[in-house]
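K.L.:
What follows is a predicted structure for the sequence shown.
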Amino acid sequence: MRRLLNIFMVFVLLFCTGTAALAGNDVSASADGVIPDPIGEPAEDVDVGEILFGHIGDSYGWHITDWNGKHVTIPLPCIVRSSTGWHVFMSSKIEHGHEYEGLFLAQEGRYEDKIVEIGPDGEFVRPFDISITKNVASLMFTAILLIALVLATARWYKRHDASEEAPKGFTGLMEMMISMVNDDLIKPSIGEKEYRKYAPYLLTAFFFIFLSNLLGIVPFFPGGANVTGNIAVTMVLALCTFVAINLFGNRHYWKEILWPDVPIFLKFPIPIMQTIEIFGMISKPFSLMVRLFANIMAGHAMILGLVSVIFVTVKLGPVINGSMTAISMLFGVFMDCLELLVAFIQAYVFTMLSAVFIGLSRQEEHA
Amino acid sequence: MNLMLPDSGLLFWMTIIFAIVFFILAKFGFPIITGMVDKRTKRIDDAIAAARKAEESLAGLAQEQERLLAEAKAEQARILHEAAAQRDSMIAKAQDEAREEARKIMDEAKERIREEKEAALRDVRKEVALLSVAIAEKVVRKEISTDKGQMELIDRMVDEMTTMSS
């Protein structure tokens, strides 16, 4: 039964890895192992769902690999303010169900794999938690790398007379990309006059997203975290765009929202148009947030699913496992190439749409 | 599903980290790079404009040069022409002069020849006169060798004298 389910899962995985992974939890939970294992090996099931969500989600430690049956995990600091005050400790203290100062990882329920404490009525209570999780650590690494890359580029310009010579090598590459985003993306979207004010934010957003996406594809430490595929990260980015749009929107922009040029009955007693406009105002950054999050998360899920196929099919015999390995490798290579493309495209799209929205908010009234 | 729920801790850190990254890059990173690139772009544009200008002035210069060359050629042709004309005129003049000289020489020669001829004629005449006198003397002497003849002659002469004087 389990094997049959596994076979079923392989096929589903091949066609739609994401869905298969979601289903994996329920499937393995209801499996009962009636048919004995013909090879006689200990049937330790590969829980694809756990692998997927363990990767896509956040965690308190940075799990690198398994070595001789042991988890190799980099412990990260947990910073929690519970009912008993502030607690700072390494994540290794609460691994494997250990409890530390009344705090532990919830094994199930709403706060699964999150630090919780027991509340007064026996419920799990989530304390204020600003731990340096895997995603935060990866964010920090990305931030430091990005600052180093850009400042190294900027340093070249300080040391050379840029009007006399053009940079080569790494600086040249960075200049090419910065110029590409600046001149072909930001300038035409916002307009020649005002793009300078917004260019630093948009460039930062572009390179932050792009670098995070690329590091997300790198399968080993310190890459591989699902940073831009996390909704909190994309939410902050989208909020920044929201602020940039609405904080610096001009009179014309606000007039279009609050008193648009439509027949009076559409806007006076019942503010129909205003409602629509305000909804549009919010939906713009919301679409940015969801687009980036969903694309990157789905990409990670696809690659992980394809890799999991290899381990899921181990128990199906060497022939199936071998052929499935070849297929999954082939698809994996394809997906990785696709993800490289997506990494760029999503950064590009986020920046371009942000620039277009900002450009719309700075549009002058046309006569 | 907790994938769709933003985690507060991550929100907190992402806000801080992104703010720091944005602050640093917006202050020390991108404006410097884009500014320098803009500067270089402007410089390249200027250089291209200057090059175009130089090209234009060079084209003008070439035209000017061509014009000068044509002028020089025309001048050369004119000078050559003039020189030829001068040469021709000089030759003609020289020829005239030579002719004149030759004529003069010829005239002189003719004159001298004439003079010589006249002198020769005079000499001949003198000789003839002398000769005739000598002949006359001889004739007279022969006639006066006789008295009669002498008398006749005297008479004739006297006659002649008288006829002449009367």
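P.N.:
Thanks, I have the structure now. Residues are numbered from 1 along each chain as shown, chains lettered A, B, ... in the order given.

K.L.:
can we go C-alpha only for contacts and neighbour counts from here?
P.N.:
Noted.

K.L.:
ok, residue A:118 to residue A:283 distance?
P.N.:
38 Å (Cα to Cα, to the nearest Å).

K.L.:
Tell me which of those two has more neighbours.
P.N.:
Per other Cα atoms under 10 Å in any protein chain shown, whichever of residue A:118 and residue A:283 has more neighbours is residue A:118, with 16 against 13.

K.L.:
Ramachandran angles for the residue nearest to the more buried one when sequence neighbours are not counted?
P.N.:
Of all residues beyond its chain neighbours, the one nearest residue A:118 is residue A:124 (4.9 Å), with distances taken as Cα to Cα, 6 or more residues apart in numbering or on different chains. The phi/psi pair for residue A:124 (degrees, to the nearest 10) reads phi -70, psi 130.

K.L.:
What distance do you get for residue A:124 to residue A:95?
P.N.:
For residue A:124 relative to residue A:95 (Cα to Cα), the value is 18 Å.

K.L.:
Before we move on, what's the pLDDT of the residue nearest to residue A:118?
P.N.:
pLDDT, residue A:124: 81.

K.L.:
Confirm for me that it is in contact with residue A:114.
P.N.:
No - the criterion here is Cα atoms under 8 Å, and residue A:124 misses it with residue A:114 at 10.2 Å.

K.L.:
Now the common contact residues for the two.
P.N.:
residue A:106 (Cα atoms under 8 Å, 6 or more residues apart in numbering or on different chains).

K.L.:
List the buried residues of stretch A:92-105.
P.N.:
By 16 or more other Cα atoms under 10 Å in any protein chain shown, the buried positions in stretch A:92-105 come out as A:92-95, A:103-105.

K.L.:
what do you get for stretch A:277-285?
P.N.:
Result for stretch A:277-285 [16+ other Cα under 10 Å]: buried residues A:277, A:281, A:284-285.

K.L.:
wait, which of those is closest to chain B?
P.N.:
Closest approach to chain B among the buried residues of stretch A:277-285 (Cα to the nearest Cα): residue A:285, at 15.1 Å.

K.L.:
Was I right to think the closest one contacts residue A:243?
P.N.:
No - counting by Cα under 8 Å, residue A:285 sits too far from residue A:243 to count as a contact (9.6 Å).

K.L.:
how about TSV for the buried residues of stretch A:277-285, with secondary structure and pLDDT added?
P.N.:
Below are the buried residues of stretch A:277-285 laid out as TSV (DSSP: H, G, I helix; E, B strand; the rest coil; pLDDT from 0 to 100):
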residue	secondary structure	pLDDT
A:277	helix	89
A:281	helix	91
A:284	helix	92
A:285	helix	93
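
K.L.:
all helices for the stretch 151-300 of chain A, in order.
P.N.:
Applying DSSP state H, counting those that start in this stretch to the stretch 151-300 of chain A gives helices spanning A:169-181, A:187-190, A:195-217, A:231-247, A:251-258, A:272-312.

K.L.:
For chain B, what lies in contact range of chain A?
P.N.:
Within reach of chain A by Cα under 8 Å from any Cα of the partner chain, chain B has these residues: B:3-15, B:17-18, B:21-22, B:24-26, B:28-34, B:36-37, B:39-41, B:43.

K.L.:
Next up, the contacts around the nearest residue to residue A:235 once chain neighbours are set aside.
P.N.:
Counting by Cα to Cα, 6+ apart, the nearest residue to residue A:235 once its immediate chain neighbours are dropped is residue A:289, at 5.3 Å. Contacts for residue A:289 (Cα under 8 Å, 6+ apart) come out as A:231, A:234-235, A:237-238.

K.L.:
and residue 154, how many neighbours does it have?
P.N.:
Looking at chain A here, since you left the chain open. Applying other Cα under 10 Å, I find that residue A:154 has 23 neighbouring residues.

K.L.:
should've been chain B
P.N.:
13.

K.L.:
and it, which of the three is it?
P.N.:
In three-state terms, and counting by DSSP: H, G, I helix; E, B strand; the rest coil, residue B:154 is helix.

K.L.:
Show me what from chain A comes close to chain B.
P.N.:
Checking chain A against chain B by Cα under 8 Å from any Cα, the hits are A:57, A:128-131, A:133, A:135-136, A:139-140, A:143, A:147, A:150-151, A:153-154, A:157, A:162-164, A:175, A:178-179, A:182, A:200-201, A:203-204, A:230-233, A:235-236.

K.L.:
from these, which would you call buried?
P.N.:
Those of those that meet the buried threshold are A:57, A:128-131, A:133, A:135-136, A:139-140, A:143, A:147, A:150-151, A:153-154, A:157, A:162-163, A:175, A:178-179, A:182, A:200-201, A:203-204, A:230-233, A:235-236, by 16+ other Cα under 10 Å.

K.L.:
May I have stretch A:177-191 as PDB, with CA atoms only?
P.N.:
Extracted in PDB, the C-alpha atoms of stretch A:177-191 (Å, rounded to 0.1, in the frame of the first residue of the first chain):
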ATOM      1  CA  MET A 177      23.500  45.800 -14.700                       C
ATOM      2  CA  ILE A 178      23.100  49.000 -12.800                       C
ATOM      3  CA  SER A 179      22.900  51.000 -16.000                       C
ATOM      4  CA  MET A 180      20.500  48.500 -17.500                       C
ATOM      5  CA  VAL A 181      18.100  48.900 -14.600                       C
ATOM      6  CA  ASN A 182      18.700  52.600 -14.300                       C
ATOM      7  CA  ASP A 183      18.400  53.600 -17.900                       C
ATOM      8  CA  ASP A 184      16.100  51.000 -19.400                       C
ATOM      9  CA  LEU A 185      13.800  50.300 -16.500                       C
ATOM     10  CA  ILE A 186      13.600  53.200 -14.100                       C
ATOM     11  CA  LYS A 187      14.100  56.100 -16.400                       C
ATOM     12  CA  PRO A 188      11.500  55.300 -19.000                       C
ATOM     13  CA  SER A 189       9.000  54.200 -16.400                       C
ATOM     14  CA  ILE A 190       9.200  57.200 -14.100                       C
ATOM     15  CA  GLY A 191      10.200  59.800 -16.500                       C
END
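
K.L.:
Please work out the average pLDDT along that stretch.
P.N.:
Averaged over stretch A:177-191, pLDDT sits at 90.

K.L.:
ranges for the strands of the chain?
P.N.:
The chain I'm using is chain A. Assigned by DSSP state E, the strands in chain A fall at A:62-67, A:70-74, A:77-82, A:85-90, A:103-105, A:115-118, A:124-125, A:128-129.

K.L.:
let's do chain B instead
P.N.:
Counting by DSSP E, chain B contains no strands.

K.L.:
Now do the helices in it.
P.N.:
Secondary structure of chain B by DSSP state H: the helices cover B:8-24, B:30-143, B:147-165.

K.L.:
and the angle from the shortest one to helix B:30-143?
P.N.:
Put simply, helix B:8-24 runs at 30 degrees to helix B:30-143, going by axes from the mean of the first three to the mean of the last three Cα atoms, to 10 degrees.

K.L.:
which parts of helix B:8-24 are buried?
P.N.:
For helix B:8-24, a neighbour-count test (16+ other Cα under 10 Å) marks B:9-15, B:17-18, B:21-22, B:24 as buried.

K.L.:
Residue B:94: which of those residues is nearest?
P.N.:
residue B:24 (100.1 Å; Cα to Cα).

K.L.:
and the gap between the residue nearest to the closest one when sequence neighbours are not counted and residue B:33?
P.N.:
Distance criterion Cα to Cα, 6+ apart; nearest residue to residue B:24, sequence neighbours excluded, is residue A:147 at 7.4 Å. The gap separating residue A:147 from residue B:33 is 13 Å, by Cα to Cα.

K.L.:
Could you do residue A:129 as well?
P.N.:
Distance of residue A:129 to residue B:33, given as Cα to Cα: 38 Å.

K.L.:
what stretches of chain B score poorly on pLDDT?
P.N.:
Chain B contains residues with pLDDT under 70 at B:1-2, B:166.

K.L.:
which residue is nearest the centroid of it?
P.N.:
With the centre of chain B defined as its mean C-alpha position, the nearest residue by Cα atoms, centre = their mean is residue B:83, 3.1 Å away.
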